[in-house]
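> Sharing a sequence plus its predicted fold:
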Amino acid sequence: MEFVTYVSDDKDGIGQITALIKRIECDKIVCVCASGFELPFEDSRIAKVEVDLSKPLQGLRDEMKEKMKKILSNDFEVALSLACGKGKEHMALVSALLNIPVGVRLVAFTKSGIEYLS
């Protein structure tokens, strides 16, 4: 399974994503972020997808979809964290994944460790 997340400058969200990256068992990590954003972590499994946040929602979704389609394998589902970002980014990301199409398993890091919420 691959891990997909949106990354922004939200410090709490970055802490959540960093904890997931360190512990999640996956072959690939897709980090979607704004164009020019520098990821605050490194991992050999990371594929960075930069998008133009000035686009309207449908345009943002389409850009995410086209860029992620080239990176994701043909697995049936991905693990998805929505710890960072705002509603527009979250809606575009979820819609892009469903339109690729892949299933989504929400994932979070809690006191108990990695938990899948769906």
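Cool, got the structure.

> For the rest of this, base every contact and every neighbour count on C-alpha atoms.
Will do.

> This structure: helices as residue ranges?
For the chain, the helices defined by DSSP state H occupy 11-23, 57-71, 87-99.

> Okay, buried residues for stretch 19-27 please.
Using 16 or more other CA atoms under 10 Å as the test for burial, stretch 19-27 gives A19, L20, I21, I24.

> Please name the bridge partners of the residue nearest the centre of the chain.
Centroid-nearest residue in the chain: T5, 1.7 Å away (criterion: CA atoms, centre = their mean). Each beta-bridge partner of T5 is listed here: C31, S81, as defined by DSSP bridges.

> quick one, what contacts it?
Going by CA atoms under 8 Å, 6 or more residues apart in numbering, T5 touches I17, I29, V30, C31, V32, L80, S81, L82, A83, C84.

> of all the residues you listed, which comes closest to G103?
L80 (9.7 Å; CA to CA).

> Surely the closest one and F109 touch.
No - L80 lies out of contact with F109 (CA atoms under 8 Å); the separation is 11.6 Å.

> Which one's more surrounded, the two?
The neighbour count for L80 versus F109, taken as other CA atoms under 10 Å, is higher for L80 (24 against 20).

> From E115, how far off is the more buried one?
11 Å (CA to CA, to the nearest Å).

> Find the residues that touch each one of those two.
V107.

> Count the neighbours of the nearest residue in space to K65 that is not next to it in sequence for me.
Ranked by CA to CA, 6 or more residues apart in numbering and with sequence neighbours excluded, the top spatial neighbour of K65 is A96, at 4.6 Å. The number of residues packed near A96 is 23, by other CA under 10 Å.

> can you check I46 too?
Residues contacting I46 under the criterion other CA under 10 Å number 17.

> Thought I29 was touching it, still the case?
Yes - between I46 and I29 there is a contact under CA under 8 Å: 4.6 Å.
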